[in-house]
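A.B. asks: How does the following fold in three dimensions:
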Amino acid sequence: MKVRAILCGLLLTMSGLSVAAGEKLSLRASPEISFAPAHLIVRTSIEPDPDNRALEIVIDSPDFYRSSTIQLEGDQAPRTSVVEFRGVPGGNYEISARLFGQGGESRAVARRVVDVIASADR
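C.D. replies: As a prediction, this is how the structure comes out:
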């Protein structure tokens, strides 16, 4: 029984990074809940396409904003990108990834919410 539970957990974890049929972009942020100052890791997966030109990853709250843009070379670009945000202060964050096409148009968006708990001594 314990082996079955572990196997199911592994399958669920691995399925979070694959792009489902018809999806151009998926996003996973970890940890979903942490203590400040947090080290957040954002993993994106994109479906290869000749029109893919850029991937923008944003972490946003009322008191904190960071972004990172990754240039893509169409269907030759890596399927998975990883961006790390270090020293993230306490707050509730929306993390988003946006895939851009050749003309700068938005091709797909994925979002997640994470919670960073402020330290007790502040």
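
A.B. asks: what packs against the longest strand along the chain?
C.D. replies: Looking across the chain with DSSP state E, the single longest strand is strand 106-117. Strand 106-117 sits against strand 25-30, strand 33-35, strand 38-46, strand 91-100, with contacts defined as 3 or more CB pairs under 8 Å, 6 or more residues apart in numbering; DSSP states H and E. For the C-beta atoms, the positions are set from N, CA and C on the backbone; glycine is no exception.

A.B. asks: what angle separates that strand from strand 38-46?
C.D. replies: 160 degrees (axes from the mean of the first three to the mean of the last three CA atoms, to 10 degrees).

A.B. asks: strands paired with strand 106-117, and their directions?
C.D. replies: Next to strand 106-117 in the sheet, as set by DSSP bridges, lie strand 33-35 (parallel), strand 91-100 (antiparallel).

A.B. asks: deepest of these, which one?
C.D. replies: Most buried of those, by mean neighbour count (mean count of other CB atoms under 10 Å): strand 91-100, with a mean of 20.

A.B. asks: quick check: angle from it to strand 25-30?
C.D. replies: Using the same axes, to 10 degrees, strand 91-100 lies at 150 degrees relative to strand 25-30.

A.B. asks: if I look at Ser61, how far off is Val42?
C.D. replies: Here the criterion is CB to CB, to the nearest Å. By it, Ser61 lies 14 Å from Val42.

A.B. asks: Among those two, which residue is more densely surrounded?
C.D. replies: Applying other CB atoms under 10 Å to Ser61 and Val42 shows that Val42 carries more neighbours, namely 22 against 17.

A.B. asks: residue contacts, Leu25?
C.D. replies: Residues near Leu25 by CB atoms under 8 Å, 6 or more residues apart in numbering: Val19, Thr44, Ser45, Ile46, Glu47, Leu55, Ala97, Leu99, Arg107, Ala108, Val109, Ala110.
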